[in-house]
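Chemist: predicted model follows, preceded by the sequence.
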Amino acid sequence: MKDESVLEMRGIDKSFPGVHALQGVDFTLRKGEIHALMGENGAGKSTLIKVLTGVYSKDEGKIYLEGNDKAVEIRSPQDAQRLGISTVYQEITLCPNLSVAENMYIGRTENMLLNWKKINSDTDKILKSLDIPAKPTQQLGSCSIAVQQMIAIARAVDMECRVLILDEPTSSLDEQEVAKLFKLMRDLKAKGVGIIFVTHFLDQVYEVCDRITVMRDGKLVGEYAIKDLPRVQLVSKMLGKELDDMADIHGEQTAYDKGADMAPVLEAEGLVSDAGIKPFDFHINKGEVNGFTGLLGSGRSECVRTIFGADRVTGGKVKMNGKPVKISKPIDAMRNGIGYLPEDRKIDGIVGDLSVRDNIILAQQVLKGFFKPFSKAEANKIADEYIKLLSIKTASSDTPIKSLSGGNQQKVILARWLFTHPEYLILDEPTRGIDVGTKIDIQKLVLKLASEGMSVTFISSELDEMLRTCSRLIVMRDRKVVGELSGDDLNQSKVMSTIAGGDK
Amino acid sequence: MPNNSAKKLNGTNALQNLFRNQIFIPLAALLLLALFNLIMDPSFFGISFGYNSLGNPVLSGSLITILDNGSELAILAIGMTLVTAASGGQDISVGAAIAIAGSTLLRVLCGTNSRPDTLQAPIIVAFLISCVVAMLFGAFNGVLVAYFKIPPMVATLILYTAGRSIAAWINNNELPIISEPSFGYFGSFIPGIPIPTPFFIAVICMIVITLVMKFTNIKLFVQSVGINDSSSRLNGLNPELIKIMSFVILGLCVAVVGLIKVSRISSINYSVIAKDIEMDAILAVALGGNALSGGKFNMAASILGAYVIQFLTTTLYKYNVQSDALPAYKAAVVIILVVVSSPVVREKFSKIWKNLKAKEVG
């Protein structure tokens, strides 16, 4: 163990049934540094954090802490706490109906009798020393989210923590609040605390961090000092693509570039919802495939959810085929010929206990109306037709959808929307978590639908897929549309540099 | 012998299918209760023919009592099943709402005089008005649950507490008595027909709900909303409206039972009418193997469950269990039934069954 480090994790290995989540990952945190842990979905960041905080037990590997020559075993969150490893999560985990001081000391004292005067004055000292604008007796719920977050950090720091883990602390804060939080982080850094910072915001990483560790697919990609790793490099490491690995697959595009000349099916202007995205303009032509790209949390899904009326639309104008329409809830979008395959299949897509058949007919059935159910024979015929068309692997159309594999569930949802015969189909991460064969099936299907005149918006975390299927990419960063790429600009390096922004 | 074992496997499959079918649970409970009575006292199944005090031909016996009283529960079970499926919770204000519906009915029939010689309004008009009132109260519960996201048991606690007072207030705290004999038909017998009328009313309700489930999307929509609210919304459904609808339908069932209840005594006792009936209705849904947390439902199983609950009550009465002690006995039996029918235990049984078969075959 080197002198300056407070935490060393060596060769951490963790498997879940069917997934090798961490494969021999090393991680080092030094005294008084802010260390960003970066990676896309499924990279293994949260698993690593959970191993460190005792939520999961590791299968292999050793964890060393400052001042201990022997490896430590962290078996529970309490163990982690005792060893000086504290975590502050994205959601506040304090009690909003208690006072600030109560929150600071809850669960930390073994005395039945409490000296409230002392607790309050101690709390006041801590708050002052960290420059947190709150009073000890104030009810926590009356503080802003940022202050609550800072109090959670203060609580962690006061418990003599040496390693502070901040898991997406800034996602619900505005810019000023973020600035306050960063000041606190720098103060703590000066006091010698090692901070692990997990975030999706690139700008914030470059503003506050000293070092970056990048993970991908459960493996360590590398550890870099911030000045040695320009943004574009970081993005390429996160996505696992080399910069000069130019878009070679791009040739197929021309076949359906024709979409560009045709009339727009949907035009949106200044569209904005309550999900925290900046207003954006958007259009899609007949027979075109376009896509939203950007890192996780950049607002890709929020944009398409706004178009479909899934989030509360707070402003903007939408035209379908040149005519103004009002889309405030999903049924409005459906009546205008829009279909939406949501990002989270389990929560927003499948109706788990219902049969494959009912899941396929559901959307069209809603469109048809309450008093016009499909007969059992019709429903069976439709279901069998789509099961065959998309080669869905299921015992029968009567099988509950939840007992199908992820890929087949996704095909059922796809069948559901195809059956509504939409003019415009939005596919948000249709290929996430499904096997390679199905992925290619879905990509092919998208291109086929477009050639038949359907407009498709396709979102995927895998850039390859996007480049292969889309003829126009809308690039997002930090919940804002920052660029639009088509034609010759559609190659990996261009996309990545647009995603990264800042220094090119 | 390969042939033989194949046959055996087929038999196993059929049995397993029966085990897995939801209606197996209330059916098994019914058979167990019947068997118990058959062994202890076969006279339980005796049905005698006679004439009642009005000179009408009537059938009597324990089975007829079950058919008579169980029908009220069966009607409520229809609405309760829909509420449970859509909202993932239960309406505990059913008894109080029956008091309101019954009181409204009597108020319209009596007009200003609480003991009228002739009816002040046709029975059908009074019934329709009580339907509207009960459905409005249902909608009230539904709005609390759907829009204000109050857990159903808490939301309906309001009406549970206030309902019987509202019922008394509707009739200025008087006890109206209807002297018109035809009003009594709904709760007892129609002259010349020896089977209790409530059974026919229940059958009509069952036919109506079967037709509604066949000719509308109620089952698909209610189940979708109950299973996955968020996904249902993204498929264009309005989950709030569907939840409210389920409470309104329960309100209609409440009005029908209200009619039967006040017809039985041609009057009303605000504090006793339909007391604790909500618990039996909820039990009927549970006994029908429907998850009380909502989602998929089986209407036939719920209705059968209602008659099983009544079968149990009647059996306990038969063995002279005091009416105050009845709930305790019922609870004990219900615990056994519900635990045995829970997915955990059923899976265990199914596994044991499979192992046994595997051993035999091997």
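Modeler: Nice, I can see it.

Chemist: and residue A:234, what element?
Modeler: Counting by DSSP states H and E, the element that carries residue A:234 is helix A:231-239.

Chemist: now swap in residue A:14 and tell me
Modeler: With secondary structure defined by DSSP H and E, residue A:14 is part of strand A:5-16.

Chemist: so what's residue A:29 bridging to?
Modeler: Beta bridges link residue A:29 to residue A:7 when assigned by DSSP bridges.

Chemist: with the one 5 residues further on instead?
Modeler: The residues listed as beta-bridge partners of residue A:34 by DSSP bridges are residue A:195.

Chemist: okay, now it: neighbour count?
Modeler: Residue neighbour count, defined by other Cβ atoms under 10 Å in any protein chain shown, stands at 24 for residue A:34. Just so you know, the C-beta spots here come from the backbone N, C-alpha and C atoms, and that holds for glycine as well.

Chemist: what distance do you get for the closest residue to chain A within the stretch 1-150 of chain B to residue B:79?
Modeler: Using Cβ to the nearest Cβ, the single residue of the stretch 1-150 of chain B nearest to chain A is residue B:85, 10.6 Å away. The gap separating residue B:85 from residue B:79 is 11 Å, by Cβ to Cβ, to the nearest Å.

Chemist: likewise for residue A:230?
Modeler: Counting by Cβ to Cβ, the gap from residue A:230 to residue B:79 is 66 Å.

Chemist: the two: which is more packed in?
Modeler: residue B:79 (28 against 16).

Chemist: so where's chain B uncertain?
Modeler: Across chain B, residues meeting the criterion (pLDDT under 70) sit at B:1-20, B:337-338, B:341-343, B:360-362.

Chemist: what sits against residue B:69?
Modeler: B:198, B:310, B:313-314 (Cβ atoms under 8 Å, 6 or more residues apart in numbering or on different chains).

Chemist: now with 7 Å?
Modeler: Neighbour list for residue B:69: residue B:310 [criterion: Cβ atoms under 7 Å, 6 or more residues apart in numbering or on different chains].

Chemist: state the helix or strand in which it lies.
Modeler: Judged by DSSP H and E, residue B:69 forms part of helix B:62-87.

Chemist: what residues sit buried inside the helix or strand following that helix?
Modeler: On the C-terminal side of helix B:62-87, the nearest following helix or strand under DSSP H and E is helix B:94-110. By 16 or more other Cβ atoms under 10 Å in any protein chain shown, the buried positions in helix B:94-110 come out as B:94-110.

Chemist: what's the next secondary structure element after helix B:94-110?
Modeler: Following helix B:94-110 in sequence order, the next helix or strand is helix B:123-146 (DSSP H and E).

Chemist: contacts for that following helix, please.
Modeler: B:87, B:91, B:93, B:97, B:100-101, B:104-105, B:108-109, B:150, B:152, B:155-156, B:159, B:183, B:240, B:243-244, B:247-248, B:250-252, B:254-255, B:258-259.

Chemist: what about 6 Å?
Modeler: With contact meaning Cβ atoms under 6 Å, 6 or more residues apart in numbering or on different chains, helix B:123-146 is reached by B:87, B:97, B:101, B:104-105, B:108-109, B:150, B:152, B:155-156, B:240, B:243-244, B:247-248, B:250-252, B:254-255, B:258-259.

Chemist: what is the helix holding residue A:234 packed up against?
Modeler: Contacts defined by 3 or more Cβ pairs under 6 Å, 6 or more residues apart in numbering or on different chains; DSSP states H and E place helix A:231-239 against helix A:492-500.

Chemist: got the contact list for the residue located most distally from the centre of chain A?
Modeler: The outermost residue of chain A, judged by C-alpha distance from the chain's mean C-alpha position using Cα atoms, centre = their mean, is residue A:113 at 44.7 Å. By Cβ under 6 Å, 6+ apart, the contact list for residue A:113 is empty.

Chemist: for it, helix, strand, or coil?
Modeler: Under the three-state scheme (DSSP: H, G, I helix; E, B strand; the rest coil), the conformation of residue A:113 reads as coil.

Chemist: how near is it to residue A:440?
Modeler: Taking Cβ to Cβ as the measure, residue A:113 falls 68 Å from residue A:440.

Chemist: quick one: the helices in the stretch 101-250 of chain A?
Modeler: Shown for the stretch 101-250 of chain A, the helices assigned by DSSP state H, counting those that start in this stretch span residues A:116-129, A:145-158, A:175-190, A:202-208, A:231-239.

Chemist: dump these to JSON lines, plus mean neighbour count.
Modeler: Listed next are those as JSON lines, based on neighbours: other Cβ atoms under 10 Å in any protein chain shown:
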{"stretch": "helix A:116-129", "mean neighbour count": "15"}
{"stretch": "helix A:145-158", "mean neighbour count": "22"}
{"stretch": "helix A:175-190", "mean neighbour count": "16"}
{"stretch": "helix A:202-208", "mean neighbour count": "18"}
{"stretch": "helix A:231-239", "mean neighbour count": "20"}
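
Chemist: that older thread, next, the angle helix B:123-146 makes with the helix holding residue B:69.
Modeler: Angle, helix B:62-87 to helix B:123-146, by axes from the mean of the first three to the mean of the last three Cα atoms, to 10 degrees: 40 degrees.

Chemist: next one: helix B:62-87 to chain centre, how far?
Modeler: Its chain's C-alpha centre and that of helix B:62-87 lie 2 Å apart, by Cα atoms, centre = their mean, to the nearest Å.

Chemist: so where's chain A shaky on pLDDT?
Modeler: Low-confidence regions of chain A, defined here as pLDDT under 70, cover residues A:1-3, A:18, A:41-42, A:90-92, A:107-112, A:172, A:241-261, A:433, A:435-437, A:502-504.

Chemist: which single residue of chain B ends up nearest chain A?
Modeler: In chain B, the residue found nearest to chain A is residue B:236; the distance is 3.8 Å by Cβ to the nearest Cβ.

Chemist: just the element for the residue of the stretch 301-450 of chain A found nearest chain B, please.
Modeler: Proximity of the stretch 301-450 of chain A to chain B (Cβ to the nearest Cβ) peaks at residue A:331, 3.8 Å away. With elements taken from DSSP H and E, the one containing residue A:331 is helix A:330-335.

Chemist: for that helix, buried residues please.
Modeler: Applying a neighbour-count criterion of 16+ other Cβ under 10 Å, the buried positions in helix A:330-335 are A:330-334.
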